[in-house]
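Enquirer: Fold the following, please.
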Amino acid sequence: MRDSLLNPRVRVAGTPIDVTGVARPADKTQLVEEKRLLEMIASGCALADVLGALCCFVEAVISDCRCGVYLVDWSDRRLRSFAAPSLPASFNEGVCGLPLSCESSPCAKAACLRTSVLAVNVESDPLWYDSGFRPLALAHSVKSCWSIPICSLAGHVLGIVAILHGRPARPTSPQEDLTAKITHIASIAIERAQSEAALKRSEAFLAEAQRLSSTGSFSWRVATNEITGSEQLHRIFGIDKSARLTPALIDSRVHPEDLPAVRKIMQGARRDGRDIECEHRLLMSDRSVKFVHMVARATPDPDGRLEYIGAVQDVTQRRLSEDALTKVRTQLAHATRVMSLGALTASIAHEVNQPLAGIVTNASTCLRMLAADPPDIMGARDTARRTLRDGNRASDIVSRLRALFGKEHIKTARLDLNDATREVIALSLSELQRNRVVLRAELAEDLPPVIGDRVQLQQVILNLLLNASDAMRGIHNRERRLVVSTQRDEGELVRLSVRDVGIGLEFPIAEKLFEPFCSTKSTGMGVGLFVSRSIIENHRGSLQVVPNDGPGVTFSFTIPPIRRQVSAPTRAYQNVRRAAARPKSGPVMEHP
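Expert: A predicted model of the protein is given here:
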């Protein structure tokens, strides 16, 4: 038999208490002690200290008892000893080692049922004959156990207050009132501690998330210019975390070239309360440059004044990656244009040879007219004009070819997709004729202009034309017809389609057709359509392929047009006029 858990005389909080009788402090003393416990909670004392003081308070008020507080671990379905200053470790470990069920112990039953369980006489009560608690209690001279659940405001059981006696005992009415008060105080202490722990955990998660995503948060009170920023925000701007953030300090980090635009945005936000979103550069103290993306939303502060809550993300790596990707894409696009040069050699020779032959013929004619007696001045003048015309035509052809196959940077501008398409058709016409392809162009008259890089879009059109021509190379039992069309698409997009009557595509291949190095040609590299899709997506559009109802497939791309702001009546009038004027099919030009 182990030493008795309960001694006839103990010292609690430095005050000797005679437990041979009932030693209840006066009500005023109890109120003082309850107030002290609440003050410990309010001042942020550790939960173990608060609950330990609570146990000492119970032991001082209720004679001949010991008190312990056990928290409930619902994930493991066990009790966890938290505060039991007068109970031996062997007893606490035994209680916590029992399963959380109604049959294992009074404490476990109180937690499961969310109600107080009074084991007045553990030794004789048949409820505990077969439990693991009875031998544990008797080994520590415990004859009575009052178990009172500690419940949260939501009704969840947080823990158990256990009051133990060395004799059979039943609580009196004042003692029941006392246990109700202490469990309420314990619930306040536990919930506050859990909330603080959750808040600290949340702050830690937020700080780690900001560090991983290179994002700093801030608030800006417009009326007072008070700026509060997270640690990561200070790190992004290269400002010591102890430094006070001010608009002037923030402006000192903004790149001088971007500072006027940023100030204009902030002044507009101050004046109109508009949400903020911008991307700009920072010039750091070591002269390095960062790119940041800032987003902030306007909201009233507790006093009803305008406040912005926002975030700043360091996007330097993303911008550098995008620049590198753009450079690689440009180089790859140039390579594919050069690859197409071989297929267009005949077209180039044909296109340039015609005006050169005209120039030679006209020059010879002009000389004969001038050598005549008398010289034919009017005829020579007309012939010279034709010579200039053919010379300009040859120059235009060379300029188009240099632009198409030259290594130039992306230059976006307003352009007519129909005109760009006609130029590509003119360049590729000889190659198409050599393959006996009959090209039909159906270009919509009402096509709105678009914004884009003329050379890159022409590269896509050229690639689609040559692919369609190659797809019909093995067709001998029907006309090799190729239809190039432009039209308005759903959602006011501009669509260009290239429809062939070739061999078509198998569905598994069609799914992978736009992936790099996927080709249906034995001599193809599989980069043409991949580059074409990249170009179209860079123009905020999409490239698709669909099978025809008959033979062949249709490749098409859609890109957004330039949107003009017009009034509703004007827009309605334009729509009616456009619908009335639109023919069944667009204007047709057919090339045998």
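
Enquirer: What residues does residue 77 make contact with?
Expert: By C-beta atoms under 8 Å, 6 or more residues apart in numbering, the contact list for residue 77 reads 99-100. Every C-beta, even on glycine, is put in place using the N, C-alpha and C of the backbone.

Enquirer: Look up how far residue 98 lies from it.
Expert: 11 Å (C-beta to C-beta, to the nearest Å).

Enquirer: didn't residue 232 look like it was pressed against residue 212?
Expert: No. With contacts defined as C-beta atoms under 8 Å, residue 232 does not count as touching residue 212, sitting 9.7 Å away.

Enquirer: between the two, who's got more neighbours?
Expert: residue 232 (26 against 9; other C-beta atoms under 10 Å).

Enquirer: Verify the assumption that that one is located in a strand.
Expert: No. Counting by DSSP: H, G, I helix; E, B strand; the rest coil, residue 232 falls outside a strand, being helix.

Enquirer: From residue 94, how far out is it?
Expert: For residue 232, the distance to residue 94 - C-beta to C-beta - is 48 Å.

Enquirer: what's the answer for residue 102, then?
Expert: Distance of residue 102 to residue 94, computed by C-beta to C-beta: 18 Å.

Enquirer: These two: which is more packed in?
Expert: residue 94 (19 against 15).

Enquirer: Give the helix, strand or coil label for the closest residue to that one other than its chain neighbours.
Expert: Using C-beta to C-beta, 6 or more residues apart in numbering and skipping the chain neighbours, the partner closest in space to residue 94 is residue 136 (4.3 Å). Under three-state DSSP, the three-state class of residue 136 is helix.

Enquirer: Helix or strand: which one has the closest residue in space to residue 49 that isn't next to it in sequence?
Expert: Nearest non-adjacent residue to residue 49, counting by C-beta to C-beta, 6+ apart: residue 40, 6.8 Å away. Element membership of residue 40 [criterion: DSSP states H and E] is helix 27-42.

Enquirer: residue ranges with poor pLDDT in the stretch 351-500 of the chain?
Expert: In the predicted model, the stretch 351-500 of the chain carries pLDDT under 70 at residues 351-355, 393, 396-411, 430.

Enquirer: do that again at 90, thanks
Expert: 351-413, 423-436, 445-446, 452-463, 466-479, 488-492 (pLDDT under 90).

Enquirer: Tell me where it has helices.
Expert: For the stretch 351-500 of the chain, the helices defined by DSSP state H, counting those that start in this stretch occupy 377-405, 417-434, 454-471.

Enquirer: Out of these, which gets nearest to residue 145?
Expert: helix 454-471 (83.1 Å; C-beta to C-beta).

Enquirer: could I get that closest one in PDB with only the CA atoms?
Expert: This file holds the C-alpha atoms of helix 454-471, laid out as PDB (Å, rounded to 0.1, in the frame of the first residue of the first chain):
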ATOM      1  CA  ARG A 454       2.100  42.200 -87.400                       C
ATOM      2  CA  VAL A 455       5.100  40.000 -88.100                       C
ATOM      3  CA  GLN A 456       4.300  37.500 -85.500                       C
ATOM      4  CA  LEU A 457       0.600  37.200 -86.500                       C
ATOM      5  CA  GLN A 458       1.700  36.800 -90.100                       C
ATOM      6  CA  GLN A 459       4.000  34.100 -89.000                       C
ATOM      7  CA  VAL A 460       1.100  32.200 -87.400                       C
ATOM      8  CA  ILE A 461      -1.000  32.600 -90.600                       C
ATOM      9  CA  LEU A 462       1.900  31.500 -92.800                       C
ATOM     10  CA  ASN A 463       2.500  28.400 -90.600                       C
ATOM     11  CA  LEU A 464      -1.200  27.500 -90.800                       C
ATOM     12  CA  LEU A 465      -1.300  27.900 -94.600                       C
ATOM     13  CA  LEU A 466       1.800  25.800 -95.200                       C
ATOM     14  CA  ASN A 467       0.600  23.100 -92.700                       C
ATOM     15  CA  ALA A 468      -2.700  22.900 -94.600                       C
ATOM     16  CA  SER A 469      -0.900  22.700 -97.900                       C
ATOM     17  CA  ASP A 470       1.300  19.900 -96.600                       C
ATOM     18  CA  ALA A 471      -1.700  18.000 -95.300                       C
END
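
Enquirer: tell me the angle that helix makes with helix 417-434.
Expert: Calculated by axes from the mean of the first three to the mean of the last three C-alpha atoms, to 10 degrees, helix 454-471 forms an angle of 30 degrees with helix 417-434.

Enquirer: gap between helix 454-471 and the chain center?
Expert: Distance of helix 454-471 from its chain centroid, counting by C-alpha atoms, centre = their mean, to the nearest Å, is 35 Å.

Enquirer: I'd like to know which elements that helix is packed against.
Expert: Judged by 3 or more C-beta pairs under 8 Å, 6 or more residues apart in numbering; DSSP states H and E, helix 454-471 is in contact with helix 316-343, helix 377-405, strand 412-415, helix 417-434, strand 481-488, strand 494-499, helix 528-538, strand 553-559.

Enquirer: these two touch, right, the residue nearest to residue 94 and residue 92?
Expert: No. Contact criterion C-beta under 8 Å: residue 136 and residue 92 do not qualify, at 10.3 Å.

Enquirer: helices or strands next to the lengthiest helix in the chain in the packing?
Expert: Counting by DSSP state H, the longest helix found in the chain is helix 173-213. When contacts are defined as 3+ C-beta pairs under 8 Å, 6+ apart, helix 173-213 packs onto helix 27-42, helix 47-61, strand 144-151, strand 157-165, strand 215-221, helix 231-237.

Enquirer: Dump the ones you listed to TSV, plus mean pLDDT.
Expert: Formatted as TSV, the helices and strands packed on helix 173-213 follow (pLDDT from 0 to 100):
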stretch	mean pLDDT
helix 27-42	83
helix 47-61	91
strand 144-151	94
strand 157-165	94
strand 215-221	89
helix 231-237	89
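
Enquirer: now for these, which one comes closest to residue 486?
Expert: strand 215-221 (43.9 Å).

Enquirer: partners of that closest one in the sheet?
Expert: strand 226-229 (antiparallel), strand 306-314 (antiparallel) (DSSP bridges).

Enquirer: sorry, back to before: quick one: contacts for the residue nearest to residue 94?
Expert: So residue 136 contacts 91, 94-95, 98 (C-beta under 8 Å, 6+ apart).

Enquirer: Which of those fall in helices?
Expert: Filtering these for helices - DSSP H - leaves 91, 94-95.

Enquirer: now stretch 250-262, how far from the centre of its chain.
Expert: 27 Å.

Enquirer: now do stretch 271-284
Expert: 20 Å.

Enquirer: what's the answer for stretch 116-129, then?
Expert: 59 Å.

Enquirer: Identify each buried residue in that stretch, please.
Expert: 116-119, 122, 125, 128 (16 or more other C-beta atoms under 10 Å).

Enquirer: which other residues reach that stretch?
Expert: 105-107, 109-110, 133-134, 137-138, 142-149, 168-171, 179.

Enquirer: and if we set it to 10 Å?
Expert: 102-111, 131, 133-138, 142-149, 160-165, 167-171, 176, 179-180, 183 (C-beta atoms under 10 Å, 6 or more residues apart in numbering).

Enquirer: Could you pull up the residues touching the closest residue in space to residue 461 that isn't next to it in sequence?
Expert: Distances taken as C-beta to C-beta, 6+ apart place residue 424 nearest to residue 461, at 4.6 Å, with adjacent residues excluded. Applying C-beta under 10 Å, 6+ apart to residue 424 gives the contacts 400, 404, 457-466, 484.
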